[in-house]
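structural data only, the sequence is not supplied:
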């Protein structure tokens, strides 16, 4: 008679069983999810941020650049920023993030790429025929980052307004 042994885990040569409880991958502890909507709304409302934008203009909200010391949810915060602008103003047209991602793909650039710079944003804005750019930079500690927003005229390259806030 043949004896067959089934083993789940790690079987030793002497047919004893050892359960491997050590995880194969190092999984980071829970990522700190910050509620950005009230922070962004406060930043924009307190600074009268959009007073400089002409009615009917096209606004490009650039994908926020991550200059923090770790992971920052650039797409998530950019979407929240666009949502806050669209829901709280009706003066101008905002280019949606899907269109922006489409242009990045056409140009073979990843949004996380270091070319996500001021000059590159100006090129994208000209390509999309935007009048203004809202350029965002996250910096500092990734667990409690600072956010800076710059409103830029595409025509002149002038920074019209700057506002900062923190999580």
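In hand now; what should we look at? Given the structure is predicted, the values throughout are model-derived calculations rather than measurements.

how far away is residue 98 from residue 130?
According to Cβ to Cβ, to the nearest Å, residue 98 and residue 130 sit 15 Å apart. C-beta: built from backbone N, CA, C; applies to glycine.

out of the two, which sits in the busier spot?
Neighbour count, other Cβ atoms under 10 Å: between residue 98 and residue 130, residue 130 has more, with 24 against 7.

list phi and psi for the more buried one.
Here is the backbone geometry of residue 130 (degrees, to the nearest 10): phi -80, psi 150.

who are the contact partners of residue 159?
By Cβ atoms under 8 Å, 6 or more residues apart in numbering, the contact set of residue 159 is 150-152.

who does it form a beta bridge with?
residue 152 (DSSP bridges).

re earlier: output the contacts of residue 159 as TSV; include the columns neighbour count.
Formatted as TSV, the contacts of residue 159 follow (neighbours: other Cβ atoms under 10 Å):
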residue	neighbour count
150	18
151	22
152	23
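
relative to residue 135, which of those residues is nearest.
Residue 135 has its nearest neighbour among the contacts of residue 159 in residue 150, at 4.5 Å by Cβ to Cβ.

which residues does the closest one contact?
Per Cβ under 8 Å, 6+ apart, neighbours of residue 150: 133-137, 159, 161-162.

pLDDT score for it?
If you check residue 150, the pLDDT there is 93.

that one - nearest residue in space that isn't next to it in sequence?
Once flanking residues are discounted, residue 150 sits nearest to residue 135: 4.5 Å by Cβ to Cβ, 6 or more residues apart in numbering.

mind putting the contacts of residue 159 in a markdown table, distance to residue 85 included?
Output for those, formatted as a markdown table (distance: Cβ to Cβ, whole Å):
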| residue | distance to residue 85 |
| --- | --- |
| 150 | 14 |
| 151 | 11 |
| 152 | 15 |
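
can you list phi and psi of the nearest residue to residue 155 once chain neighbours are set aside for me?
What sits nearest to residue 155 in space, not counting adjacent residues and going by Cβ to Cβ, 6+ apart, is residue 131, at 7.0 Å. Main-chain dihedrals, residue 131, degrees, to the nearest 10: phi -90, psi -30.

burial measure for residue 131, as a count.
Residues near residue 131, counting by other Cβ under 10 Å: 17.
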